[in-house]
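Colleague: sequence first, then the predicted structure, then my questions.
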Amino acid sequence: MRGKATIDSFGKAGVQGLPENARAALRVLLSGEVFSDQELDELSSRCHIRTNGTGEVIIREGEESDNRVYLIIKGSVSISIKGRFILRLQKPGDTIGEMGLISSAPRSATVTTDMDSTFLVVDAMESGQDEDPPGYKFRYYFSRLFNSILTEKLRRTSDRARLYEDMVSHSREVERKSESLQEEITSYLREISMYTHLVNSAGDAIIVTDTQGKVLTVNPALLKLYGGNSEDVTGMDFVEMISLDNGGDCNWREITGRAKDEDWTGEIFLRTGDGELMPVDCRVSSITGDNNDRLAFSVIIRDIRLRKAHEEKIKKQSQELEEAYRAIQNMERAKNGFLTLVSHELRTPITSIMAFAETLGMEGMVDPEDQPDFIRTIYKEAEKLSDMVSKVLALSKLESDQMYFEFAKCDVETLAAEQIGVFTLKAKEKGLDMHLENLGAPTPIVVDKEQIAVALSQVLDNAVKYTDKGSITASVSQNEQETIFRVSDTGRGIQNDDYQVLLEKFSRGDVKESRIHGLGLGLPLCYLIVKAHSGNMRFEKNDSGGTVVSIVLPLQHPVKNNPDIRQVT
């Protein structure tokens, strides 16, 4: 069998340099068993090697064929038709003018060298019958050479056609995939644009961090809360921006550990750019890839300052409602106590008055010498009723800011001595020693003398009522700021040391075992009078077991410091 000789043999042989002669070139070109050595020697006699410089015309369009075929050994040529470039040949073994082997028609194209080029020229001109070898052999050789060249040309054309079809098919597939990819990209871009709009227009602050807690990006709502721009927060550690609700620092590992399987939520504080701690709701979620690998974390923050303010307001209102409810309950209890107390305290003197009056009205029931005692008893009980009514009216005026005061300079030592004189007789009737000592208030003060006298009388009256034996000592003193009236007794004292409750209306402390009558209005009335003078009352336990009550009044005129005083005459 003969091996296949290709016109591409020169290129595949990888010739180093130029062949030394035509036969060497043919051997390389037509390697294999297509031509025998003898046939190759005979064929090489009609071939030669030719070199042309750059720009030389090898074949000119329209010229008659010289029956020569050119095979490129080295170099490059351009083929043009009617001055229009068609193609360029530069591969070793490429053939030029092969149609000259079968046709003597004029050349159809112009071939020009692009550089210095070397060719193997095959001369196919007719030869005589007497030549050695004969001309018919050369025609046979040339026919075989032409077939080889034409076969190679057809193969190349077929390969190129298949390659072209493959390229066209591949190009169409690429184009189809490109269109599909473009549609996907457009869809993704549309989704990205939509999600970007949603994130940027969200009212909640959104932060995206890497797996280590470094801030990657934020939305405008976060910048509005933080008070800076994106450059200020990008790259920060997220834990530097927040604080726990107890003021401590946050642990990123703890947060992300909780967010591994489900979102982490909690109330924290956001540290703003100016250092303010802002209460916020925080939700941390894990962003995972297709393989469930963690890519980043999303953090959603909601400002809850307004909610906290409402909660605080509701809490305050709830406390106020509770206090109001307790006050209503206290008022209800006070009302019930008042009704019980008033019914008891009023019934006693009224019953006495009615009984003595009715007895006096019956002729012959009372001896003439006993009538003055009956009248004194009626007057005494009526005086009690008048005192109760006066106290209720006075308290009502003081609480409604309708009490009028007449302020004037007053000698407090004289005022204290007058009140002691009033109650000395009542104290003696109970076997009590009442005296005034430590007169140390030489500076007159500006007060309503009548109202302060009422206040002092209430304190002295209580001391006499609640002291069964011993003594009652009163004193008056001054320092740089205050005048102090002090009344000390050796009575039963105040049960449970609950002094504050005595200043509430209708409260008489622990009186379950007491047979002393009263409405519990004396000390509240005294306190309101003293308070209207910008003063205060103090309660202490006496060393002897009794009580020490002090009325403290300022040396300065009270009108200057008490805007509640409505009228001064």
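Modeller: Structure's in. What do you need?
Colleague: quick one: residues contacting Tyr188.
Modeller: Remark: with contacts taken as CB atoms under 8 Å, 6 or more residues apart in numbering, Tyr188 is in contact with nothing. Backbone N, C-alpha and C define where each C-beta goes, glycine included.
Colleague: check which helix or strand it maps to.
Modeller: Secondary structure from DSSP states H and E places Tyr188 in helix 135-201.
Colleague: how about Ile81, what does it touch?
Modeller: Here Ile81 is in contact with 61, 108-110 (criterion: CB under 8 Å, 6+ apart).
Colleague: picking up where we left off before, following element in sequence after the helix holding Tyr188, please.
Modeller: Downstream of helix 135-201, the first helix or strand assigned by DSSP H and E is strand 205-209.
Colleague: within the sheet, what are the partner strands of that following strand, with directions?
Modeller: Strand 205-209 sits in its sheet next to strand 215-218 (antiparallel), strand 294-303 (antiparallel), going by DSSP bridges.
Colleague: and the residue nearest the centre of this structure?
Modeller: The centre of the chain sits closest to Ile301, judged by CA atoms, centre = their mean, with a distance of 3.5 Å.
Colleague: surely it and Thr272 touch.
Modeller: No - here Ile301 does not reach Thr272: they are 11.6 Å apart, not a contact under CB atoms under 8 Å.
Colleague: shared neighbours of those two, anything?
Modeller: Leu225.
Colleague: so where do the helices sit in the protein?
Modeller: Using DSSP state H, the helices of the chain run over residues 9-13, 22-29, 37-44, 135-201, 220-226, 230-233, 252-258, 305-361, 371-399, 412-429, 449-465, 522-532.
Colleague: neighbours around the spatially closest residue to Lys82 that is not a sequence neighbour, how many?
Modeller: Of all residues not flanking Lys82 in the chain, Glu61 sits nearest, at 7.2 Å (CB to CB, 6 or more residues apart in numbering). Other residues near Glu61 number 16, with proximity taken as other CB atoms under 10 Å.
Colleague: a markdown table for the strands paired with strand 205-209, including distance to Glu540 and mean pLDDT?
Modeller: Formatted as a markdown table, the strands paired with strand 205-209 follow (distance: least, CB to CB, whole Å; pLDDT from 0 to 100):
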| stretch | distance to Glu540 | mean pLDDT |
| --- | --- | --- |
| strand 215-218 | 65 | 89 |
| strand 294-303 | 54 | 86 |
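Colleague: isn't Arg68 right next to Asp123, touching?
Modeller: Yes - with contact defined as CB under 8 Å, Arg68 reaches Asp123; the gap is 5.6 Å.
Colleague: between these two, which has more neighbouring residues?
Modeller: Taking other CB under 10 Å, Arg68 and Asp123 do not tie; Arg68 has more neighbours (20 against 16).
Colleague: who's in contact with Gly203?
Modeller: When contacts are counted by CB under 8 Å, 6+ apart, Gly203 is found next to Ala221.
Colleague: that one and Asp232, how far apart?
Modeller: With the distance defined as CB to CB, to the nearest Å, Gly203 ends up 21 Å from Asp232.
Colleague: quick one on the thing from earlier: identify the bridge partners of the residue nearest to the centre of the chain.
Modeller: Ile301 forms beta bridges with Ala205, Cys282, as assigned by DSSP bridges.
Colleague: wait, what's in contact with it?
Modeller: If you count contacts by CB under 8 Å, 6+ apart, Ile301 has them with 204-207, 222, 225, 270, 280-282.
Colleague: ditto for Asn52
Modeller: Contacts for Asn52 were tallied using CB under 8 Å, 6+ apart; they are 58, 75, 113, 116-117, 119.
Colleague: okay if I get these as TSV plus pLDDT?
Modeller: Converted to TSV, the contacts of Asn52 look like this (pLDDT from 0 to 100):
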residue	pLDDT
Ile58	92
Gly75	92
Thr113	95
Asp116	94
Ser117	93
Phe119	91
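Colleague: narrow those to those in strands?
Modeller: Residues from the contacts of Asn52 lying in strands, with DSSP state E as the criterion: 58, 113, 117, 119.
Colleague: adding distance to Met365 and neighbour count, write the residues you listed out as a markdown table.
Modeller: Shown next, in a markdown table, are the ones in strands among the contacts of Asn52 (distance: CB to CB, whole Å; neighbours: other CB atoms under 10 Å):
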| residue | distance to Met365 | neighbour count |
| --- | --- | --- |
| Ile58 | 174 | 19 |
| Thr113 | 170 | 21 |
| Ser117 | 170 | 22 |
| Phe119 | 175 | 25 |
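Colleague: go through those and name the one nearest Lys91.
Modeller: Closest to Lys91 out of those is Ser117 (12.1 Å), distances taken as CB to CB.
Colleague: OK, contacts around that closest one?
Modeller: Shown in contact with Ser117 (CB under 8 Å, 6+ apart): 51-52, 72, 74-77.
Colleague: then Glu63?
Modeller: For Glu63, the contacting residues are 106-107, by CB under 8 Å, 6+ apart.
Colleague: and it, how far from Gly83?
Modeller: Taking CB to CB as the measure, Glu63 falls 15 Å from Gly83.
Colleague: same deal with Lys531?
Modeller: To Gly83, Lys531 is 124 Å away according to CB to CB.
Colleague: out of those two, which sits in the more crowded spot?
Modeller: When Lys531 and Gly83 are compared on other CB under 10 Å, the one with more neighbours turns out to be Lys531, at 16 against 7.
Colleague: reformat the ones in strands among the contacts of Asn52 as a markdown table; add distance to Ile353.
Modeller: As requested, the ones in strands among the contacts of Asn52 are exported to a markdown table (distance: CB to CB, whole Å):
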| residue | distance to Ile353 |
| --- | --- |
| Ile58 | 159 |
| Thr113 | 155 |
| Ser117 | 155 |
| Phe119 | 160 |
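Colleague: right, I'll call it a day here.
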